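S.K.: Model the structure of this input:
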Amino acid sequence: MKKTKAELKTMANEIAAQYGCFLNVTEVGKVLGISRETARKLVSNLSCAEIGNTNKYYIYDVLEFVYK
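M.R.: From the prediction side, this is the model:
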C-alpha cells in the first residue's frame, strides 16, 4: 500500500520515539510484525550502517522500501 512522504515521516517519527532512528534486523521484524528471517530478506537490499558488530538500518529507508 503506497504512502505519501508525510505519512512515512510520521510513521518513522513514531517508531523512532520507541526504538531510535536506526534499527537492527530483530527490531525491523518487531516493528513490521514479521519474523526475523523475513526481516533479514527484506533489508538485504538496503544500505546499512555498521555500529559495533551490528548492522543498523535507517527506519525511513525501511518504511520507504516497504510502502512504495
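S.K.: Quick check: can you name the pairing partners of the lowest-mean-pLDDT helix or strand in the chain and their directions?
M.R.: Lowest by mean pLDDT, DSSP states H and E among the helices and strands of the chain is strand 49-51, with a mean of 91. Strand pairing for strand 49-51, determined by DSSP bridges: strand 54-58 (antiparallel).
S.K.: Report how many residues lie close to Ile15.
M.R.: 21 (other C-beta atoms under 10 Å). (Glycine included, C-beta is placed from N, CA and C.)
S.K.: how about it, secondary structure?
M.R.: helix (DSSP: H, G, I helix; E, B strand; the rest coil).
S.K.: Am I right that Ala49 is in contact with Lys56?
M.R.: Yes: between Ala49 and Lys56 a contact is recorded at 5.0 Å, counting by C-beta atoms under 8 Å.
S.K.: intersection of neighbour lists for those two?
M.R.: When C-beta atoms under 8 Å, 6 or more residues apart in numbering defines a contact, the residues bordering Ala49 and Lys56 alike are Phe22.
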